[in-house]
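Undergrad: any chance you can model this:
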Amino acid sequence: MQAFFGVAYFLMGIVQFFAIWDFLSGGDGGFFSFIGAMFLAGIPIVGGAMGVLGAYNIWGWSLMASILLMFGWLIVFGFFALIGAMDND
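TA: Have a look, this model is predicted:
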């Protein structure tokens, strides 16, 4: 199960990176936006917020879908952490 969440977290990071890169570059790509996206995608909350902007503004997703894509893993991890904490009693 831990490997599954590790792969899922990695894949979400890749999606966030591309959403941020598209947002910073305005859809045309660019070296400096690539470097900025690499830096911002590594910061969890900031990367998620920038990813929401990219998915919403550039990819044309709805705001709710963008938020769930970028922050949905927090809900899932929190749910499993809560279950794990209840199981240890």
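Undergrad: flag the shaky bits of this protein, pLDDT-wise.
TA: Across the chain, residues meeting the criterion (pLDDT under 70) sit at 1, 27, 88-89.
Undergrad: at 90 instead, please
TA: Residue ranges of the chain with pLDDT under 90: 1-13, 26-32, 42-45, 69, 71-89.
Undergrad: the residue lying closest to S62 once chain neighbours are set aside: neighbour count?
TA: Closest residue to S62 apart from its sequence neighbours, by CB to CB, 6 or more residues apart in numbering: Y56 at 7.6 Å. For glycine as for every other residue, the C-beta is placed from the backbone atoms N, C-alpha and C. Other residues lying near Y56 total 20 when counted by other CB atoms under 10 Å.
Undergrad: so Y56 touches S66, yeah?
TA: Yes. The pair Y56 and S66 qualifies as a contact (CB atoms under 8 Å) at a distance of 4.4 Å.
Undergrad: ranges for the helices of the chain?
TA: 2-25, 31-41, 44-53, 63-87 (DSSP state H).
Undergrad: give me whichever of those helices is most buried.
TA: helix 44-53 (a mean of 19; mean count of other CB atoms under 10 Å).
Undergrad: convert the C-alpha atoms of that helix to CSV, please.
TA: This file holds the C-alpha atoms of helix 44-53, laid out as CSV (Å, rounded to 0.1, in the frame of the first residue of the first chain):
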residue,chain,number,x,y,z
PRO,A,44,3.3,21.2,-1.5
ILE,A,45,0.7,23.8,-0.8
VAL,A,46,2.1,26.5,-3.2
GLY,A,47,2.5,23.9,-5.9
GLY,A,48,-1.0,22.7,-5.5
ALA,A,49,-2.4,26.3,-5.6
MET,A,50,-0.3,27.1,-8.7
GLY,A,51,-1.4,23.8,-10.2
VAL,A,52,-5.1,24.8,-9.7
LEU,A,53,-4.4,28.0,-11.5
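Undergrad: next, the angle helix 63-87 makes with that helix.
TA: Between helix 44-53 and helix 63-87, the angle comes out at 150 degrees (axes from the mean of the first three to the mean of the last three CA atoms, to 10 degrees).
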